[in-house]
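# sequence-free structure coming up:
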């Protein structure tokens, strides 16, 4: 098992997500939700969204 070391400073451009990234992540999230619903059902999607450590 590797041990974590060091640090990273990754600012979000003044605390805001760039527009292009927000749009891309919105589309990706929609596709992921559709895939989970297709394969596992609506109840599983809701269970995963409600679980605090799912992501």
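That came in fine, so what should we check first? What you see is a predicted model; the values in this text were computed from it and never measured.
# all helices for this protein, in order.
Here the chain has its helices, by DSSP state H, at 19-40, 42-50.
# Summarise which helices and strands the longest one is packed against.
Read it as helix 19-40. Applying 3 or more Cβ pairs under 8 Å, 6 or more residues apart in numbering; DSSP states H and E, we find helix 19-40 packed against helix 42-50. Placement of C-beta: from N, CA and C, glycine included.
# same question for the helix it packs on, mean pLDDT?
The pLDDT scores in helix 42-50 average 93.
# Tell me both backbone torsions, phi and psi, for residue 6.
Residue 6 adopts backbone torsions of phi 90, psi -170, taken as degrees, to the nearest 10.
# ok, it - how many residues close by?
Applying the criterion other Cβ atoms under 10 Å, we find 4 residues in the vicinity of residue 6.
# Could you find the closest non-adjacent residue to residue 44?
In this structure, residue 44 finds its nearest non-sequential neighbour in residue 36, 6.3 Å apart by Cβ to Cβ, 6 or more residues apart in numbering.
# Now for that neighbour: which residues touch it?
Residues near residue 36 by Cβ atoms under 8 Å, 6 or more residues apart in numbering: 44-45, 48.
# Distance check, residue 18 against residue 32.
As for residue 18, its distance to residue 32 is 20 Å (criterion: Cβ to Cβ, to the nearest Å).
# same question, residue 4
Between residue 4 and residue 32 the distance, using Cβ to Cβ, works out to 27 Å.
# Compare those two (neighbour count), which wins?
For residue 4 and residue 32, the more surrounded residue by other Cβ under 10 Å is residue 32, and the numbers stand at 12 against 5.
# low pLDDT regions in the protein?
In the predicted model of the chain, residues 1-2, 12-13, 54-55 satisfy pLDDT under 70.
# who's in contact with residue 43?
By Cβ under 8 Å, 6+ apart, no residues touch residue 43.
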